[in-house]
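**Student:** Build me a model:
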Amino acid sequence: MMNHSRPSDRRKFLAATGFGLSLPWLESVRSPAAEIESLAPAAKTGRKAALPGGKPRMVCIGNMLGFYPDAFWPAGDGSVQQSRTLRPLSPLVDDLTVISGLDHGLKGGHFAIHAFLSGVRYNDAGSMPDRNMTVDQRAAESVSGRTRFNSLTVGSESGIHGGCQMSWTRSGTRVPPISGPQELFNRLFVDEDAADRHVAEDRFDLHASILDAVARDAMRLQQRVSQRDRNKLDEYFTSIRDVEQRLARRRQWIHVDKPEAPIARPKDVDMVTDLPLLYDLIALALETDCTRVATLEIGGDFAASAFGFRKGYHGLSHHGQVQESIDALITMETYQVEQFARFLMKLKTTQDGDASLLDQTTVLFGSGMGNANSHTNTNLPIVLAGGGFRHRGRLAFENDGHRPPMTNLFVSMLQQFGVPSESFATSTGSLRGLDWT
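**Tutor:** Residues are numbered from 1 along each chain as shown. This next block holds a predicted model:
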């Protein structure tokens, strides 16, 4: 009888350190391997990237407490000028689309927000943790090793319900956030010393050793399985070789100096004060090609006191229809949109080859919370900007008898990023009405 403990331990360790593989289901073996993160999923056919000559990027920005719906959704002709909260986006009206009527069909209030970029709550993923993988991490997989950082996840470790929980890997593991501008600056522009680089070399040596061990286990398995299973294992070996190549690409960055910092090293203050600087650093990360995927979560620690309000942000989101609380909430939310608009304008005015950085960056802005006052996760507030899409101002699905799931938007985003995809999580296809230039 085969001993499964050592291979399983190796795979679990590999997943915990960021390099996981899952053995395929084999009819010749009774015990299924644990579902562990794969860095080389089989690509499905689908639309190619709209920007073959450029470097597609993706940025996802999430607000943990949502937006006051009556001020967020545009009235009248549906343009952002008709929205009290979104009005700061008016100069960028041709570069974005407000999308209404999308959600993940989930309940849970604060406890479903983490499904914003995945469509699946982690406690619903069961034995298939890759179901709650987020769209940013799927995009990051596809460019692993091509940039210094596969992705940058920015947010707070503190706050209500555990802080930032927006990004999840294929193995169902939360991506720990970079908690402020000082840490993000250090990641981008401060080189590691010789000792740190040596530790990184040792870590990659260990990854390679574990990968060799997993491959040997699969080779031994190949001797006692059916022909159909041998064909599956051949595909698995192809995946191992792909991971080995990704390891080599990531390893090369150890000895590549980081770009020179264009700004002075910042100090952390609070999320309100730090927000414009975080956006600036993310823009610099994209411009210098340190990464092509980034996320930013504005959490429950967003300080209402910075605006002179005595009640906390979380408390204001549960306004109970009290006008004073609603006005305070809209003030805070409008500030968030102002900083988002500033970020988009920075991308629009930054050239990358023959196109602007905004043309090459799909930017998603919104929340996994539809209405914090009622703790609902329906009709999520969504703005899609840039990315080479043909923007139309407003795309509404709330009165559509066949409302698509929000994960259809993720399929379109992945296709535009260059990931050949026909499906993602609960999707039924790409998003109707969303066209490319």
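**Student:** quick one, strands of the stretch 101-250 of the chain?
**Tutor:** Taking DSSP state E, counting those that start in this stretch as the criterion, the stretch 101-250 of the chain contains strands spanning 152-154.
**Student:** which stretches of it have low pLDDT?
**Tutor:** 158-163, 193-215, 217-219, 221-223, 225, 227, 230-250 (pLDDT under 70).
**Student:** all helices for it, in order.
**Tutor:** For the stretch 101-250 of the chain, the helices defined by DSSP state H, counting those that start in this stretch cover 135-142, 181-189, 194-222, 227-251.
**Student:** Same question for the stretch 301-437 of the chain.
**Tutor:** According to DSSP H, counting those that start in this stretch, the helices that the stretch 301-437 of the chain contains are 313-317, 323-348, 407-417.
**Student:** Could you identify which of those is most buried?
**Tutor:** When neighbours are counted by mean count of other Cβ atoms under 10 Å, the highest per-stretch mean among these falls to helix 407-417, a mean of 25. No exception for glycine: its C-beta is placed from N, CA and C like everyone else's.
**Student:** what's it packed up against?
**Tutor:** In this structure, helix 407-417 packs against strand 57-63, helix 135-142, strand 361-367, strand 382-386, with contacts taken as 3 or more Cβ pairs under 8 Å, 6 or more residues apart in numbering; DSSP states H and E.
**Student:** How about residues contacting that helix?
**Tutor:** 46-51, 56-58, 99, 102, 104, 117, 119, 135, 138-139, 142, 362, 364, 382, 384, 387-389, 421-432, 434, 436 (Cβ atoms under 8 Å, 6 or more residues apart in numbering).
**Student:** now do stretch 262-269
**Tutor:** Contact partners of stretch 262-269, identified using Cβ under 8 Å, 6+ apart, comprise 179-183, 185-186, 189-190, 274, 277, 280, 284.
**Student:** next one: stretch 174-194
**Tutor:** Taking Cβ under 8 Å, 6+ apart as the criterion, the residues outside stretch 174-194 that touch it are 114, 137, 149, 151-157, 163-169, 200, 254, 257-261, 263, 265-268, 274, 277-278, 281-282, 284-285, 288, 290, 297.
**Student:** coming back round to it: could you dump the helices and strands packed on helix 407-417 into TSV with mean neighbour count and distance to residue 95 added?
**Tutor:** Converted to TSV, those look like this (neighbours: other Cβ atoms under 10 Å; distance: least, Cβ to Cβ, whole Å):
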stretch	mean neighbour count	distance to residue 95
strand 57-63	27	14
helix 135-142	25	20
strand 361-367	25	9
strand 382-386	23	6
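**Student:** so which of the ones you listed comes closest to residue 110?
**Tutor:** Go through the helices and strands packed on helix 407-417 one by one with Cβ to Cβ and the one that ends up closest to residue 110 is strand 361-367, at 11.3 Å.
**Student:** so what strands line up beside the closest one?
**Tutor:** strand 57-63 (parallel), strand 382-386 (antiparallel) (DSSP bridges).
**Student:** Out of the ones you listed, which is closest to residue 337?
**Tutor:** strand 382-386 (8.6 Å).
**Student:** At the geometric centre of the protein, which residue do we find?
**Tutor:** Centroid-nearest residue in the chain, with Cα atoms, centre = their mean: residue 136, separated by 2.8 Å.
**Student:** residue contacts, that residue?
**Tutor:** Residues touching residue 136, when contacts are defined by Cβ under 8 Å, 6+ apart, comprise 58, 60, 117, 151, 153, 167, 293, 294, 295.
**Student:** Got phi/psi on the last one?
**Tutor:** Right, the one you point to is residue 295. Residue 295 adopts backbone torsions of phi -130, psi 150, taken as degrees, to the nearest 10.
**Student:** just to revisit the earlier point, now mean pLDDT too, for the strands paired with strand 361-367, in TSV please.
**Tutor:** Compiled in TSV, those are given as follows (pLDDT from 0 to 100):
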stretch	mean pLDDT
strand 57-63	97
strand 382-386	98
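**Student:** what's the closest of those strands to residue 311?
**Tutor:** With Cβ to Cβ as the measure, strand 57-63 is the member of those nearest residue 311 (17.8 Å).
**Student:** If we go by neighbour counts, what in the helix or strand that the closest one is followed by is buried?
**Tutor:** Tracing the chain C-terminally past strand 57-63 and defining elements by DSSP states H and E, one meets helix 69-72 next. Along helix 69-72, these residues count as buried under the neighbour rule (16 or more other Cβ atoms under 10 Å): 69, 71, 72.
**Student:** by contact count, what packs against helix 69-72?
**Tutor:** Identification of packing neighbours for helix 69-72 by 3+ Cβ pairs under 8 Å, 6+ apart yields helix 323-348.
**Student:** Remind me what the helix it packs on packs against, helices and strands.
**Tutor:** Packing contacts for helix 323-348, counted by 3+ Cβ pairs under 8 Å, 6+ apart, involve strand 57-63, helix 69-72, helix 271-287, helix 313-317, strand 361-367, strand 382-386.
**Student:** Need the ones you listed in a markdown table (columns: distance to residue 126).
**Tutor:** Conversion of those to a markdown table gives the following (distance: least, Cβ to Cβ, whole Å):
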| stretch | distance to residue 126 |
| --- | --- |
| strand 57-63 | 24 |
| helix 69-72 | 32 |
| helix 271-287 | 34 |
| helix 313-317 | 31 |
| strand 361-367 | 26 |
| strand 382-386 | 27 |
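**Student:** Residue 92: which of those is closest?
**Tutor:** Using Cβ to Cβ as the criterion, the shortest distance between residue 92 and these is 6.9 Å, found for strand 382-386.
**Student:** quick one, that closest one and helix 323-348 angle?
**Tutor:** Here the directions of strand 382-386 and helix 323-348 differ by 20 degrees (axes from the mean of the first three to the mean of the last three Cα atoms, to 10 degrees).
**Student:** sorry, back to before: mind checking which of the contacts of helix 407-417 are buried?
**Tutor:** Burial by neighbour count, judged by 16+ other Cβ under 10 Å, picks out 47, 49-51, 56-58, 99, 102, 104, 117, 119, 135, 138-139, 142, 362, 364, 382, 384, 387-389, 421, 423-427, 430-431, 434 from those.
**Student:** how near is residue 172 to residue 102?
**Tutor:** When distance is defined by Cβ to Cβ, to the nearest Å, residue 172 is 24 Å away from residue 102.
**Student:** Take the helices and strands packed on helix 407-417 and write them to CSV, including distance to residue 76.
**Tutor:** Converted to CSV, the helices and strands packed on helix 407-417 look like this (distance: least, Cβ to Cβ, whole Å):
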stretch, distance to residue 76
strand 57-63, 24
helix 135-142, 31
strand 361-367, 21
strand 382-386, 18
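**Student:** Minimum distance to residue 80: which of those has it?
**Tutor:** strand 382-386 (8.3 Å).
**Student:** Show me how far that closest one is from its chain's centre.
**Tutor:** Between the mean C-alpha point of strand 382-386 and the mean C-alpha point of its chain there is a distance of 14 Å (Cα atoms, centre = their mean, to the nearest Å).
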